[in-house]
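Participant: A predicted structure for the sequence below; I have some questions about it.
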Amino acid sequence: MYQYNDFDRAFLAARNAQFRQQVERRIDGSLTEEEFRPLRLMNGLYLQLHAYMLRVAIPYGTLRGEQMRMLATIADKWDKGYGHFTTRQNIQYNWPKLPDVPDILDALGEVQLHAIQTSGNTIRNVTADHFAGAAADEIADPRPVAELLRQWSTDHPEFQFLPRKFKLAVSGAEHDRAVLRAHDIGIQLVEKDGQRGVRVFVGGGLGRTPVIGKVIKDFLPEADMLPYLEAIVSVYNTLGRRDNKYKARIKITVNENGLETIKQKAEERFAVLKPLFEGVDQQMLAGIRAMFAAPAFRNAPLEGYEEARAASPAFRAWTDTNLSAHKQEGYAIVTVSLKKHGETPGDATSEQMRLLADLAEKYGHDDIRISHEQNVILPHVHKSDLPALYEALKPAGLATANVGLVSDIIACPGMDYCALATARSIPVAQEIATRFEELKLEHEVGPLKIKISGCINACGHHHVGHIGILGLDRAGVENYQITLGGDGSEDAALGERTGPGFAYDEITGAIETIVKTYLGLREGAEETFLAAYRRVGAQPFKDALYPEKAERKADAA
Amino acid sequence: MPRPFTPKVVTANALLEGDVVYFTAADTWTRQLAEAELLHDAETAEARLAVAAQQQDQIVGAYLTDMKDGDAGPEPTHFREEFRRTGPSNYFHGKQAEA
Ligand code: SF4
């Protein structure tokens, strides 16, 4: 894992000292809010509905035990004993007080974490496949590239005032777990004729105008990656619109100018930039890569694992849903669900964080991941340790066997916290999860991704949910629109709206109707919701959701 | 005929704590909506907002928001303000826990 060098440490300390002074000057009145606002946003501090909110980056979703423990300490000392993990692999504290924030940032600095560029029109936290370095299907660990990008983009003088925020994601596998195609730039590590390189997607994004990213470069040798990315961002910085916030993201720049124009301009800029790089980036990448060497995997018998599966149906169910294939024989990737039925998706208490830190050190080579799906991953667990791990997770409410199922819902903070929200999302997620737990249906339903956003900004990724829910304010009342058929994977697709929205107290019933309709029409348990939807289209679901309309149509026929 | 004016209060977030505050008739800030000054016409409302917004050393982001005249003082007409005066619905935190 990456370790800060003296330069990183000094930079962060200087930056934190600077912000401490800025906070002091705001409090003593020498800075107005207008002056202070951009400064606090640069350091991840928002003002939300009920309090400030501090957004801390978890670079490429990777944490060590001691870092997770510090996140817990911060939650206890300066917040309300919990944190909220987001779809951008950040953690948000919902209740910090302004005078405490400099101390929080110093505490984060002690464990090499920060909140820099988690807001503002800058390059944001670089996200990555949460199974990086462990997945059986990856060609290389994407995190060294992500770390290089983090260093390059942090305080990059040219890119501190972009037309709008800018999000990067990196993955090392063909199967896209990092939603590359919904990012301003998505980077996929690929190999061609034995040469390492990257495929670059550009102009993806959700929000008000959802767009699936397009391939701007199918193959770029690794050595050209950084100058090429710099070229793209530089072209966007010049061409991107600053007259209209809603047309400022690169997806609009690409749509308005055409991919070919952007590509041509990027190539021109690349030709200028490439000679300036002189290979220093490649030397740094090699250094970073050495720090991400795979852990010393154990070659041990699978003792007790199959026996435990046979003996305990609960353990078996958990292994069926929460494990993924590891590249190392005898190992598994464990997804710890932060979606216990009825709980807030993505929230972890300080106690849970400490337990996860301990368990990662004991069973998981001190490696923890946060997924954009708001779960925690222990990427390297030997299968013989799984029964003990499961037993340790259970009393902490962390052994829910629901990964990838109906109740494994992504939900943004919505109107319960977010100042931009138009409706709540958390209680909708809680109620859907609780309903399906009562129905005891979700294991029968199988893989189904529900994603909920509390406004059109789409932090809850509703456009790429198999079932997406968007909370709106319709004449002063919460109203929920449903989309179907979205997909955030390599087969990326945007969901289609079913029709008129549903009231707050109708939305859970509507979701139940959709799921039951699917169960009634699927060709067998192997046909997933998404596959069935692709086969039959939206109509059967619409007919079930809006029976009056369906009847009228039948009468007219 | 001019449209009837919906009464308003001035609200903001406290500078240090970040929690929701309301402007009173005494030019001070209160955490209780019931103690807020209810403003009955547009001109007064704008004037009071201007006074309130000057207190930059105490608050952030003052704005006018619709209220109705209830039995115990101003009451929200929109769910956003209802949440702001109550707290989140997933935990017993915020104003509801402090009352
Ligand atoms: S989608 Fe909207 S409500 Fe949800 S977190 Fe983003 S901005 Fe806030």
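Facilitator: Yes, it's here. Residues are numbered from 1 along each chain as shown, chains lettered A, B, ... in the order given.

Participant: Report the distance from the longest helix anywhere in chain A to the chain centre.
Facilitator: When chain A is parsed with DSSP state H, its longest helix is helix A:6-27. With Cα atoms, centre = their mean, to the nearest Å as the basis, helix A:6-27 stands 28 Å off its chain's centre.

Participant: cool, and stretch A:56-67?
Facilitator: That offset, for stretch A:56-67, works out to 13 Å (Cα atoms, centre = their mean).

Participant: Show me what counts as buried in it.
Facilitator: Within stretch A:56-67, the residues scored as buried using 16 or more other Cβ atoms under 10 Å in any protein chain shown are A:56, A:57, A:58, A:59, A:60, A:61, A:62, A:63, A:64, A:65, A:67. Bear in mind the C-beta positions are built from the backbone N, C-alpha and C, glycine included.

Participant: Extract the CA atoms of the helix or strand following the longest helix of chain A and return them as CSV.
Facilitator: Following helix A:6-27 in sequence order, the next helix or strand is helix A:33-42 (DSSP states H and E). In CSV, the C-alpha atoms belonging to helix A:33-42 read as follows (Å, rounded to 0.1, in the frame of the first residue of the first chain):
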residue,chain,number,x,y,z
GLU,A,33,-18.5,33.6,4.2
GLU,A,34,-18.2,34.6,0.5
GLU,A,35,-14.4,34.6,0.9
PHE,A,36,-14.3,31.5,3.1
ARG,A,37,-16.6,29.3,1.2
PRO,A,38,-14.3,28.3,-1.7
LEU,A,39,-11.5,27.7,0.8
ARG,A,40,-13.6,25.4,3.0
LEU,A,41,-14.9,23.5,-0.1
MET,A,42,-11.3,22.9,-1.3
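
Participant: OK, contacts around the spatially closest residue to residue A:89 that is not a sequence neighbour?
Facilitator: With sequence-adjacent residues excluded and distances taken as Cβ to Cβ, 6 or more residues apart in numbering or on different chains, residue A:89 is closest to residue A:61, at 3.9 Å. Applying Cβ atoms under 8 Å, 6 or more residues apart in numbering or on different chains to residue A:61 gives the contacts A:89, A:127, A:128, A:130, A:132, A:369, A:370, A:371, A:372.

Participant: With distance to residue B:77 added, can I get those in JSON lines?
Facilitator: Listed next are these as JSON lines, based on distance: Cβ to Cβ, whole Å:
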{"residue": "A:89", "distance to residue B:77": "38"}
{"residue": "A:127", "distance to residue B:77": "40"}
{"residue": "A:128", "distance to residue B:77": "45"}
{"residue": "A:130", "distance to residue B:77": "43"}
{"residue": "A:132", "distance to residue B:77": "49"}
{"residue": "A:369", "distance to residue B:77": "45"}
{"residue": "A:370", "distance to residue B:77": "39"}
{"residue": "A:371", "distance to residue B:77": "40"}
{"residue": "A:372", "distance to residue B:77": "37"}
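
Participant: nearest to residue A:147, of these?
Facilitator: residue A:128 (9.3 Å; Cβ to Cβ).

Participant: Bridged to the closest one, which residues?
Facilitator: Beta bridges link residue A:128 to residue A:170, judged by DSSP bridges.

Participant: And the buried residues of stretch A:56-67, which is closest to residue A:354?
Facilitator: Distances from residue A:354 to these, taken as Cβ to Cβ, are shortest for residue A:65 (9.2 Å).
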